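Trainee: could you look at this predicted model? Sequence included:
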Amino acid sequence: MTTIPTTSPTDALLGVYRKPPMELVRGAGVELFDADGKAYLDFVAGIAVNALGYGDAELMRVMRDATESGLVHTSNLYRTAPGEQLAEKLTGRTFADRVFLSNSGAEANEGAFKIARRWARTMGGASKHEIIALRGAFHGRLFGTLAATDRPSYRAPFRPLAGGISIVERDLEELDAALNPETVAAVIAEPVQGEGGVRVLEHSFLQALREMTAQRGIALILDEIQCGYGRTGTFLAHEQAGIVPDLLTVAKPMAGGLPMGAILATKAVADVMQPGDHGTTFGGGPFVASVASYVFDRLSDSALLTHVTEQGAWLGAALRGLAERNTRIRAVRGTGLMWGIDIVDPAKDVIGRAMEMGLLICSAGEHTIRLLPPLVMTRRDLERGVELLTRAIG
Ligand SMILES: Cc1ncc(COP(=O)(O)O)c(C=O)c1O
């Protein structure tokens, strides 16, 4: 198939993204290529989506095979096997007893809020409905999730936001004061805050939060949309803290680049939901679920997870070493293959310079660079990326 590059950016698309002028036309391995044939080493991976990189032969074959039945979509009015199989794989591998398949991360979080509220209502009546998110959180851009997202500039133009959702400091004393069992239904937290600057929540913090919520009959929702599915070296990030949430959301890498999200829930919380309480037209269709079932096998594989742990440790050490030598770097944070670098310069300047040099990186705040390479990236390519990044930071 030949790709015909368009010559100039269109104004037919809603102008909500500031995109560089180059146009991507092809991907191979961990590299992307623009219409002029220039190669870019990819440390963004479609914002933590393309865990297997580009053109993975087996993934491409699974996608082709998944169309053979002619069943791309049937709606959720009828049973199809791939979604059921995927749900069984997820419940077999995680804390969850029930799975709801959605189409994006924000949609999964909105559904998790609904389940938490429905459950809390059975415990404490209508007044037990508040949802608490943490300082620095990003949970999505829809009305409920925007109210749980701590970015003033994303929120201000769209007020009033959904009610009954508030943000509390990442501080156990503040949470202790805010978590009133009479009024609070759920707390939502990212074990590693992604958009908020790649902030790893300490295991002791997650453990205390779990204890506090459990004691007060408050649901704990973990948002692992960015940090889950292998990114931190375990299939789900919270496994490392040894805690069990009530609800958890995943999305980004789930279906090899196809849109998909999921809510994972314990039986105790999920079984309050009755037919008609929630739904989606597309979620968990046979095509996307077949692909997701294959991606699950790849990203839950212990060899892949060990690779992420080992390469992540190397990348973290390399970045910390860089920070010691370079006064333009203020701090380095992260785990697995998810790293944030606070810099003196505006992140967008460094992102632009890196792109010119053939390296794609993204930001997590105005002065923070974020690295999210494909999980299959080799040491050689990581080294190449760090070298380019060093030059781009200056
Ligand atoms: C932690 C987290 N939650 C939710 C979302 C929203 O997901 P989506 O963009 O698929 O709606 C994102 C996206 O970046 C995310 O990183």
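Mentor: Yes, it's here.
Trainee: CA only for contacts and neighbour counts going forward, please
Mentor: Will do.
Trainee: do me a favour and average the pLDDT over whichever helix or strand E110 is part of.
Mentor: Assigning secondary structure by DSSP states H and E places E110 in helix 105-124. Average pLDDT, helix 105-124: 98.
Trainee: identify the residues contacting K19.
Mentor: For K19, no residue meets the contact criterion (Cα atoms under 8 Å, 6 or more residues apart in numbering).
Trainee: about what we covered before: tell me if the helix holding E110 is near the ligand.
Mentor: Yes: judged by Cα under 6 Å from any ligand atom, helix 105-124 and the ligand are in contact via G105, A106.
Trainee: may I see the buried residues of that helix?
Mentor: Residues of helix 105-124 classed as buried: 105-121, 124 (neighbour count, 16 or more other Cα atoms under 10 Å).
Trainee: and the stretch 201-350 of the chain, which of its residues are near the ligand?
Mentor: Contact residues (Cα under 6 Å from any ligand atom) of the stretch 201-350 of the chain with the ligand: D223, E224, I225, Q226.
Trainee: can you lay out those as TSV showing pLDDT?
Mentor: Listed next are those as TSV, based on pLDDT from 0 to 100:
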residue	pLDDT
D223	99
E224	99
I225	99
Q226	98
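Trainee: and of these, the nearest to G276?
Mentor: D223 (24.4 Å; Cα to Cα).
Trainee: how about the helices in this protein?
Mentor: Applying DSSP state H to the chain gives helices spanning 45-48, 57-65, 81-93, 105-124, 143-147, 152-155, 172-178, 203-215, 267-270, 286-299, 302-325, 347-357, 379-393.
Trainee: then the first one to CSV, C-alphas only?
Mentor: Output for helix 45-48, consisting of C-alpha atoms alone and laid out as CSV, is shown next (Å, rounded to 0.1, in the frame of the first residue of the first chain):
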residue,chain,number,x,y,z
ALA,A,45,4.8,5.4,21.7
GLY,A,46,1.5,7.1,20.9
ILE,A,47,1.5,8.3,24.6
ALA,A,48,2.1,4.9,26.1
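Trainee: so for that helix, mean pLDDT?
Mentor: Average pLDDT, helix 45-48: 98.
Trainee: and for the last one?
Mentor: Mean pLDDT, taken over the full extent of helix 379-393, equals 98.
Trainee: which residues are in contact with it?
Mentor: Contacts of helix 379-393 (Cα under 8 Å, 6+ apart): 41, 43, 311, 315, 318-319, 322, 328, 350-351, 353-354, 357, 359.
Trainee: do the same with the longest one
Mentor: In this structure, residues lying in contact with helix 302-325 by Cα under 8 Å, 6+ apart are 230-235, 298-299, 329-339, 375-376, 378-379, 382, 386, 390.
Trainee: ok, of the contacts of helix 379-393, which come out buried?
Mentor: Of the members of the contacts of helix 379-393, the ones counted as buried by neighbours, 16+ other Cα under 10 Å, are L41, F43, Q311, L315, L319, L322, V350, I351, R353, A354, M357, L359.
Trainee: which ones are touching the residue most central in space within the chain?
Mentor: Taking Cα atoms, centre = their mean, the centroid of the chain lies closest to Q226, which sits 1.9 Å from it. Applying Cα under 8 Å, 6+ apart, we find Q226 in contact with A48, G194, V250, A251, K252.
Trainee: what do you get for G284?
Mentor: G284 makes contacts with N76, G83, L101, S102, N103, M260, as judged by Cα under 8 Å, 6+ apart.
Trainee: picking up where we left off before, which one among the buried ones among the contacts of helix 379-393 gets closest to the ligand?
Mentor: F43 (15.2 Å; Cα to the nearest ligand atom).
Trainee: state the distance from that closest one to G340.
Mentor: Separation of F43 from G340 (Cα to Cα, to the nearest Å): 12 Å.
Trainee: what touches both of these two?
Mentor: L371.
Trainee: quick one: low-confidence parts of the chain?
Mentor: Scanning the chain for pLDDT under 70 picks out 1-7.
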